[in-house]
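# sequence first, then the predicted structure:
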Amino acid sequence: MGEDLAAARTIGTTGVTGAVGGRVAARLSRRGIAQRLIVRDLNRAPEAPGSSAAMAAYEDPAAFQRAVRGADVLFLVPASESPDRVSLHIGAVDAAIAAGVRHIVYLSFLNAGPSSTFTFARDHFYTEAHIRSTGVAHTFLRSGLYLDLLPHWAGEDGAIRGPAGDGRVAWVSRDDVADVATAVLSDPAQHEGRAYDVTGSEAVTLSQTVDRLSALTGRSIRYVPETWLEAVASRSRLDAPDWAVEGWVSSYAAIAAGELATVSETVPDLTGHPAQSIEGYLRKHPSALSHVHG
């Protein structure tokens, strides 16, 4: 009976050309779960036997409604950061519900709140609030900062700069996030109404983080504390909009504020394996810090 129900269910999967959505789509495919792969460009849709692809973007709710029609569950990967990200999410949620989606699994962010220090986390709070307000069944996966992106925090000189102070962060790998999402999407009814913090197994300071990176790679990685104003000034040279610079800097400030120090057991509880450590990640990706000289 369980297998029959799984075969009958179709999951609308977004973000399938991206790092997390692509991992989830591949894992669901290996489990034989039918998907509607929602992509901006059909030529980029991954191969997934037993599934179909449809073209739509969050910016076009009508097209999104057509694309998701026939799916019972929607895995909603957030749009790229932008000033109008919340409105894009709201449009996609409303379109999905209008198309008949009965359960939304949303990839949110750890400790998302209306006044989160990390400005991009606020978008997730308001998206969660809208999903709740519709009355649709839902599950929120609140991921911490990605371990995969940690190497990119280091410049070519090996310095990770920012106003993180002595705050701690529980880095989590995208593979672990994808494994958790796959577990939830494989049996969504069992997770209805739940909000899961998805983190690594320990919270470490940036000083402890760079010590491990250095020891494991033989490269000189160091943490250089900055004030908020110093951090804004250093990133303003990138000619990015103010909202983007504030978002980047506020991720460090959120660490300093203790908002990203949460450690959960979600990964082992839902996947049956421990969360990946910094050491484990670098063993799998030995060239992750190859851009650092010295």
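That came through, no problem.
# so where's this structure uncertain?
1-8, 294 (pLDDT under 70).
# how about the helices in it?
Taking DSSP state H as the criterion, the chain contains helices spanning 2-8, 19-30, 61-68, 85-98, 119-134, 150-153, 174-186, 206-217, 228-236, 242-256, 266-271, 278-284.
# list the contacts of the nearest residue in space to residue 198 that is not next to it in sequence.
If the residues on either side of it in the chain are set aside, residue 198 comes closest to residue 143, at 4.6 Å by CB to CB, 6 or more residues apart in numbering. For glycine as for every other residue, the C-beta is placed from the backbone atoms N, C-alpha and C. Each residue near residue 143 by CB atoms under 8 Å, 6 or more residues apart in numbering is listed here: 107, 108, 109, 110, 172, 177, 198, 199.
# farthest-apart pair in the residues you listed, please.
Pairwise distances among the contacts of residue 143 were taken by CB to CB; the largest, 13.9 Å, belongs to 107 and 199.
# neighbour count: these two, which is higher?
More neighbours surround residue 199 than the other of residue 107 and residue 199, with 27 against 24 (other CB atoms under 10 Å).
# residues contacting that one?
Residue 199 sits next to 110, 143, 144, 170, 172, 262, 263, 264, 266, 267, 275 when contact means CB under 8 Å, 6+ apart.
# looking at those residues, spot the one nearest residue 293.
Nearest member of these to residue 293, counting by CB to CB, is residue 172, at 28.2 Å.
# I'd assumed residue 264 was in contact with the closest one.
No. If you go by CB atoms under 8 Å, residue 172 and residue 264 don't touch, sitting 9.2 Å apart.
# of the two, who's got more company?
Per other CB under 10 Å, whichever of residue 172 and residue 264 has more neighbours is residue 172, with 27 against 19.
# and the contacts of residue 143 as TSV, adding distance to residue 150?
Shown next, in TSV, are the contacts of residue 143 (distance: CB to CB, whole Å):
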residue	distance to residue 150
107	19
108	20
109	16
110	15
172	10
177	14
198	16
199	14
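# out of those, which comes closest to residue 118?
Nearest to residue 118 out of the contacts of residue 143 is residue 109 (CB to CB; 7.4 Å).
# identify the bridge partners of that closest one.
Beta-bridge partners for residue 109, by DSSP bridges, are residue 143.
# show me what contacts it?
Residue 109 neighbours (CB under 8 Å, 6+ apart): 118, 120, 121, 124, 142, 143, 144.
# now these as TSV including distance to residue 236?
As requested, the contacts of residue 109 are exported to TSV (distance: CB to CB, whole Å):
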residue	distance to residue 236
118	19
120	18
121	22
124	25
142	30
143	28
144	27
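# and for residue 172 and residue 264, which residues touch both?
Residues touching both residue 172 and residue 264 (CB under 8 Å, 6+ apart) are 198, 199.
# any idea which of the contacts of residue 109 is closest to residue 134?
Nearest to residue 134 among the contacts of residue 109: residue 124, at 16.1 Å, using CB to CB.
# doesn't residue 111 make contact with the closest one?
No. Look at residue 124 against residue 111 with CB under 8 Å: they stay out of range, at 9.6 Å.
# shared neighbours, these two?
Contacts common to residue 124 and residue 111, judged by CB under 8 Å, 6+ apart, are residue 142.
# ok, those two, which is more surrounded?
residue 124 (26 against 21).
# what about the residue lying closest to that one once chain neighbours are set aside, neighbour count?
Excluding its sequence neighbours, the residue lying closest to residue 124 (CB to CB, 6+ apart) is residue 112, at 3.9 Å. A count of nearby residues for residue 112, using other CB under 10 Å, gives 22.
# and residue 220, by the same measure?
Per other CB under 10 Å, the neighbour tally for residue 220 reads 14.
# so who does the closest residue in space to it that isn't next to it in sequence touch?
Spatial nearest neighbour of residue 220, chain neighbours left out: residue 158 (4.8 Å); criterion: CB to CB, 6+ apart. With contacts defined as CB under 8 Å, 6+ apart, residue 158 is in contact with 219, 220, 221, 222, 292, 293, 294.
# I am finished for the moment; much appreciated.
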